[in-house]
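> Here is a sequence with its predicted model. Questions after.
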Amino acid sequence: MAFPRSPDSSMSSYASTLTLSSCPSSYISIGSSNPSSFTAVAIIPTGAGDHSPALAATGAPEFIQGNKLQQHQDPPESEPKFPKQEINGWEHPDLCSPSKQLKNVTTSIKEISRWARSSPGVKVNSNIRLLESVFSLIQVVTSTAPHPDHIVDMIRVHDALANLLLVLPKNIFPFLVQDFAQIVDELGPKRGASLSARFEKTLHDLRRSIRSGLQVLNVKIFDYTSEVVPQGGGIHEITKYLLKYILSLLDNGRSLKIILVGDEQDGMVEMETLQDAVATLISHLEIMLEKESHRYQDAGLKQMFMVNNVNFVLHQVEGSEIKYLLGEDWVLKHRNQLKDHISSFINISWESVMYCFHVKTNKISIFSSLPTLQIFNLEFEKTYWTQKTWKVENPLLRSNMRKSVSEKLVQAYSTYLENHKNKAPKLMKYTPEDLEELLSDLFEG
């Protein structure tokens, strides 16, 4: 799956570049339960112009895909699934289901870490070859244009590598310690120093690619345009996508906080905090939603769209740790924004109906010669049947909006009937109770 990509987007895609999808999972394979039987593989070119990786035979038995090591296994992860609908040619990714190749990269690193902790006698050369294969696959990702689709996956790879670095010096790679005299004959100091430098470069490239990917995501959200908007003013797919994306980032928040700190090689001390990164993404989403709302010709439907989307963002923020990143001031500000959008929706959408009880204006001039109640009946029915097709997806919000409309309209209607007792019964089509019952069906979609 790929991040939603508009047809005219100039962003490069993994589909046109060397990607991990061209690297079968068997290219990173691990031996069975015997730590000395780790299978080492390498990526080597198969010919001029051929970017497909090929196995370098090592003579070691390959791990049979599908089998599991019987010890030190991680518990299975339960992860949310992202929507897979297309929007104008853009597909939503399943961020929490990493590609098989990146899964294997992370799994391989974790396996090395396990044996490093539990088996000091692991053969050095075998694990070095395996780690070199991991580096090669990571380079495939970091050498292409940064893309949001792989941010979460790369954070996990970075986390696994960083954890591996904590256990390597005492076990598998003693060259990372100053005193490596005992293995000089087996490794050679040059190879040890080279691999150590490559380890650091891989971590640096991952951090840089992750930061760049977040910047690309910001641009994509800010510049997003679509000729199709949600029917009935519903929640935009990009709104749902981005909030789930942010929650996936926060699942890896401890690592991301470290990654967002720039390296000295980048010429910066710090790029931004995790709070800044999340706030910027949501801010760009809000700008995009405001632009998309203008695609609705009906002013009331425009406000309905904003009500649904602002409420969704607010609900997701308040129900997660995003709230603690953005703070109470942000939450209070957006609660007030939601109230303003609801008030604007009611005033705009039911304006022509309410005007019947005040003064006949050009807003309803076509009916100006009719009695007030007849005008009301016509305007009410037109507005009611239109808004029955509009949808408020959150049940609590839907109930509150119905109540707000009902209180305002039924009160004005009842007051008019009370003030015109002599004429009203002849033209009255609805009782106040009838209106309340009808309005209780609004916004079902």
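All right, it came through fine. Residues are numbered from 1 along each chain as shown.
> Next up, phi/psi of residue 442, please.
Phi and psi for residue 442, reported as degrees, to the nearest 10, are phi -70, psi 160.
> For it, give me its contacts.
384, 387-388, 390, 401-402, 405 (Cβ atoms under 8 Å, 6 or more residues apart in numbering). Placement of C-beta: from N, CA and C, glycine included.
> Which of those residues are buried, as a PyMOL select command?
The following PyMOL line selects those of the contacts of residue 442 that are buried, judged by 16 or more other Cβ atoms under 10 Å:
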select buried, resi 384+387+390+401+402+405
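> Helices - which of the contacts of residue 442 land there?
Among these, the ones falling in helices (DSSP state H) are 384, 387, 401-402, 405.
> and those as TSV, adding distance to residue 143 and pLDDT?
TSV is the format used below for those (distance: Cβ to Cβ, whole Å; pLDDT from 0 to 100):
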residue	distance to residue 143	pLDDT
384	59	90
387	53	88
401	51	91
402	55	91
405	57	90
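> Mind picking the two most distant members of the residues you listed?
Spanning the widest gap among the ones in helices among the contacts of residue 442 are 384 and 401, at 13.9 Å by Cβ to Cβ.
> which stretches of the stretch 101-250 of the chain have low pLDDT?
101-105, 107-130, 141, 145, 165-196 (pLDDT under 70).
> can you give me the strands for the stretch 251-400 of the chain?
Here the stretch 251-400 of the chain has no strands by DSSP state E, counting those that start in this stretch.
> low pLDDT regions in it?
262-271, 358-370.
> what do you get if the cut-off is 90, keeping everything else the same?
Applying pLDDT under 90 to the stretch 251-400 of the chain flags the ranges 251-277, 347-381, 383, 386-391, 393.
> Please give the number of neighbouring residues around residue 305.
Here the number of neighbours of residue 305 (other Cβ atoms under 10 Å) works out to 28.
> Identify the residue nearest it in space, chain neighbours excluded?
Among residues not flanking residue 305 along the chain, residue 233 sits closest, at 4.0 Å (Cβ to Cβ, 6 or more residues apart in numbering).
> what separates that neighbour from residue 292, distance-wise?
With distances taken as Cβ to Cβ, to the nearest Å, residue 233 is found 11 Å from residue 292.
> Contacts only, for the closest residue to residue 439 other than its chain neighbours.
Nearest residue to residue 439 in three dimensions, chain neighbours excluded: residue 406, at 4.5 Å (Cβ to Cβ, 6+ apart). Contacts for residue 406 were tallied using Cβ under 8 Å, 6+ apart; they are 435-436, 439-440.
> want to throw these into CSV with secondary structure?
Listed next are the contacts of residue 406 as CSV, based on DSSP: H, G, I helix; E, B strand; the rest coil:
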residue, secondary structure
435, helix
436, helix
439, helix
440, coil
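> Of residue 233 and residue 292, give the one with the bigger neighbour count.
Neighbours were counted for residue 233 and for residue 292 using other Cβ under 10 Å; residue 233 has more, 29 against 22.
> which of the contacts of residue 442 lies closest to residue 241?
residue 390 (22.4 Å).
> quick one on the thing from earlier: are there residues contacting both of residue 233 and residue 292? Which ones?
By Cβ under 8 Å, 6+ apart, residue 233 and residue 292 have these common neighbours: residue 305.
> circling back: quick check on the residue nearest to residue 305: phi, psi?
With angles defined as degrees, to the nearest 10, residue 233 sits at phi 70, psi 30.
> for the contacts of residue 442, which one is nearest residue 220?
Closest to residue 220, out of all of these and judged by Cβ to Cβ, is residue 390, at 28.7 Å.
> what's the neighbour count on the nearest residue to the closest one once chain neighbours are set aside?
Closest residue to residue 390 apart from its sequence neighbours, by Cβ to Cβ, 6+ apart: residue 232 at 4.5 Å. Applying other Cβ under 10 Å, we find 19 residues neighbouring residue 232.
> Could you break the chain into its assigned domains?
What the record gives for the chain is the domain set 19-224, 235-251+259-349, 356-439, from automatic domain parsing.
> What is the end-to-end distance of the last one?
Across its full length, domain 356-439 reaches 18 Å between end residues, using Cα to Cα, to the nearest Å.
> Please apply the same query to the second one.
Its first and final residues considered, domain 235-251+259-349 spans 19 Å by Cα to Cα.
> hang on, the earlier thing: would you mind giving the contacts of residue 442 as TSV with distance to residue 223 added?
TSV is the format used below for these (distance: Cβ to Cβ, whole Å):
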residue	distance to residue 223
384	38
387	32
388	35
390	28
401	32
402	37
405	36
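> and of the contacts of residue 442, the nearest to residue 140?
Looking across those and measuring by Cβ to Cβ, the closest to residue 140 is residue 390, at 47.3 Å.
> hang on, isn't that closest one packed against residue 443?
Yes - in this structure, residue 390 is within contact of residue 443 by Cβ atoms under 8 Å, at 5.7 Å.
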